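Student: Prediction below, plus the sequence it came from.
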2 protein chains.
Amino acid sequence: MRRNPERRAALIDGAIEVLAAEGARGLTFRAVDTAAKVPPGTTSNYFASRDELLTQAGGRIYERLLPDAATVARHQEGTQDRARYAELMHELIDRISAFNVGYVALLELRLEATRRPELRAVLTERIRQDIDANIAYHAASGLPGDAKGVLLLYLALNWLIVERLTLPDIFTEQEAHDLVALAVERLVPEDG
Amino acid sequence: MRRNPERRAALIDGAIEVLAAEGARGLTFRAVDTAAKVPPGTTSNYFASRDELLTQAGGRIYERLLPDAATVARHQEGTQDRARYAELMHELIDRISAFNVGYVALLELRLEATRRPELRAVLTERIRQDIDANIAYHAASGLPGDAKGVLLLYLALNWLIVERLTLPDIFTEQEAHDLVALAVERLVPEDG
DNA sequence: AACGTAGTACTACACATGGAGTGGTGTCAA
DNA sequence: TTGACACCACTCCATGTGTAGTACTACGTT
């Protein structure tokens, strides 16, 4: 088993590309070799099985979808009211759109998790952490609304992203934008 | 090309099973033969290409996910208030859960639509019709709330179903149930 | 500076799998 | 008898895996 860490990372990123482009079933060692532009056989040398590749991709995608520290810091400036909340949600969606390959790959992984308990465990852990972090962040931020509102926004925005990514003609960009604003308006109770 | 319509239907239903179990990439003629319990080669004789199979499956799934006429009729009885609305949403989720293979297959198709314009067109058309029908049904029903509320519920409930189907340990059944109730409460403005 | 060594990159091959498509035969009903 | 379909068997082809063997590079030793 080879150990060059940059190569490993490049291969995992290649795996994410393949997931988005070909689906979970299309994730073969050779396809990853091609996507990562390394000679055929390389991925075989770095990963023992497809499962390993899938679970590691599951971990890595999430890292790349989360905001970086600078973004988080910036979010803490300014008044934390409902308009601000909506602004944050728009930014969230923009950020994910910028890495939509990752989001599609994550959906593929979710579906594959239906069939692979180990992958399911990894994703469950990751996503639970993310949800908890969102709720904790909200509680600490001084933003209006409650934890339930965070959850409901999580639900609505996720599907909105799915809709925009998979069937972009269902909602126009403008409609999607308005739905985000409206979701915040209705799901986040105003402070008294 | 063979024409026996029952066989065609059985093959399409087989294709839906395969989609859920193996993913879009696993949808091969032979796999459909196996799922539909017909001799190998049969699907080849009924469909010219995988594309044909995919688009026809896309049409058929939606038929099977929609409520039957009796259910729709039953929904029009009783007072049409917000409690009733929540009840309808719970029923909707139960109905989809009863055919979760279909829902998973539909998700696979959505992802595949990313890569196949023809399939994307079919799904876009179908789903737009469904959304429009929901809004029209709501308007005619006397239920509280507005069209935007219908859309926002559509978003939130869809992702809730995804979450329950792909990573069932994220929300318990009880939590999911409560989220549905709360979504209705917040997204559906009460009548004045 | 020459040499040896370890780890890795690259290439090529042997093997296995699985799916597509089709021709031929059997069967049933009009 | 004929036509349409079901069923079966066979060939061809594409793709992926794992690994053995070779080449390269960096580094430490004397």
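Tutor: Sure, I can see it. Numbering: from 1, shown residues only, chains lettered A, B, ... in the order given.
Student: Just the buried residues of the host helix or strand of residue A:152, please?
Tutor: Assessed by DSSP states H and E, residue A:152 sits inside helix A:147-166. Under the neighbour-count criterion of 16 or more other C-beta atoms under 10 Å in any protein chain shown, helix A:147-166 has A:148-166 buried. (Glycine included, C-beta is placed from N, CA and C.)
Student: Where does the prediction get shaky in chain A?
Tutor: Where chain A drops to pLDDT under 70, the residues are A:191-192.
Student: List, one by one, the residues from it near DNA strand C.
Tutor: Counting by C-beta under 7 Å from any atom of the strand, chain A comes close to DNA strand C at A:2-4, A:7, A:38-42, A:45.
Student: and with 10 Å instead?
Tutor: Residues of chain A lying close to DNA strand C (C-beta under 10 Å from any atom of the strand) are A:1-8, A:10-11, A:25, A:30, A:33, A:36-42, A:44-46.
Student: Throw together a PyMOL command that grabs the buried residues out of the residues you listed.
Tutor: Typed into PyMOL, the line below selects the buried ones among the residues of chain A next to DNA strand C, using 16+ other C-beta under 10 Å:
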select buried, chain A and resi 7+10+11+25+33+36+38+42+46
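Student: which ones among the residues of chain A next to DNA strand C are found in helices?
Tutor: Of the residues of chain A next to DNA strand C, the ones assigned to helices by DSSP state H are A:5-8, A:10-11, A:30, A:33, A:42, A:44-46.
Student: filter the buried residues of helix A:147-166 by proximity to DNA strand D?
Tutor: By C-beta under 10 Å from any atom of the strand, no member of these lies near DNA strand D.
Student: out of the residues you listed, which touch chain B?
Tutor: Restricting the buried residues of helix A:147-166 to those near chain B by C-beta under 8 Å from any C-beta of the partner chain leaves A:148-149, A:151-152, A:154-160, A:162-163, A:165-166.
Student: Buried residues, the helix or strand where residue A:183 lies. List them.
Tutor: Applying DSSP H and E as the criterion places residue A:183 in helix A:173-187. For helix A:173-187, the neighbour count (16+ other C-beta under 10 Å) marks A:176, A:179-180, A:182-187 as buried.
Student: Which single one of the residues you listed is nearest to DNA strand D?
Tutor: Here the nearest of the buried residues of helix A:173-187 to DNA strand D, counting by C-beta to the nearest atom of the strand, is residue A:176; it sits at 34.9 Å.
Student: Does the closest one touch residue A:160 like I think?
Tutor: Yes: using C-beta atoms under 8 Å, residue A:176 is in contact with residue A:160, at 6.0 Å.
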